[in-house]
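here's my sequence, what's the structure:
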Amino acid sequence: MEIKLTTDWILMYNREIETIDGVCYLIIYGNLHRYLVELAFKSMNVDYEYEEIYDDGDETWENPHYRYSFGNLEDFKESCSDLYEEFQINILNDIAWKKEINRKQSIILSFLDTPKTLREIHAYVKTEFYKTGEKDHKTLMKFLKTHTIYLINDLIENDLIQKYKNHFGKI
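Prediction:
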């Protein structure tokens, strides 16, 4: 019996796509799949780089997954059009997400005309970002504090605000 696998099938099976700073990555799991994916890339003549990634809980370093990046996404356009389309959608989603984060951070920065406590920032964010009638309002409220802390930490990391005792203010 003979089994034929197409590059399209290999690349669409058991993988995730991730976009970081406009760069798309294909993440795959398992060594057998890794070899099949690399065979597919070679047959398509795709330039790629990869790195082994281990989860924080994998203290024995036994279960890597592999993150592939590519020199040119256009290499996938003809031979693996579904994957190419997913890459393009992920890039657009990443751009939209960053735009939304920047918008929210701008609102927080405008609120920090004087240093504010985390509680004050949470209250402000709650009224500015999450309107009561919005779709998924209850779900969003569950993540309010986590999301606000993420936004604040990113502003601190980018040297736009700093923490003064229990208050946050512009630099």
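
where does the chain dip in pLDDT?
130-141 (pLDDT under 70).

can you pull out the strands in it?
For the chain, applying DSSP state E gives strands covering 15-20, 23-29, 48-53, 65-70, 116-117, 161-164, 167-170.

adding distance to Ile91, write the ones you listed out as CSV.
For the C-beta atoms, the positions are set from N, CA and C on the backbone; glycine is no exception. What follows is these, written out as CSV (distance: least, CB to CB, whole Å):
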stretch, distance to Ile91
strand 15-20, 6
strand 23-29, 6
strand 48-53, 17
strand 65-70, 12
strand 116-117, 35
strand 161-164, 29
strand 167-170, 32
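
distance to Trp9 and mean neighbour count added to these, as TSV?
Shown next, in TSV, are the strands of the chain (distance: least, CB to CB, whole Å; neighbours: other CB atoms under 10 Å):
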stretch	distance to Trp9	mean neighbour count
strand 15-20	11	14
strand 23-29	13	18
strand 48-53	18	12
strand 65-70	17	18
strand 116-117	54	16
strand 161-164	49	14
strand 167-170	50	16
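
so which of these is nearest His147?
His147 sits nearest to strand 167-170 of all these, at 15.2 Å, using CB to CB.

please state the offset of that closest one from the chain centre?
27 Å (CA atoms, centre = their mean, to the nearest Å).

and if you look at stretch 103-123?
On CA atoms, centre = their mean, the centre of stretch 103-123 falls 24 Å from the chain's centre.

just the residues contacting that stretch, thanks.
124-125, 128-129, 144-145, 148-149, 151-152, 154-155, 160-161, 164, 166-170 (CB atoms under 8 Å, 6 or more residues apart in numbering).
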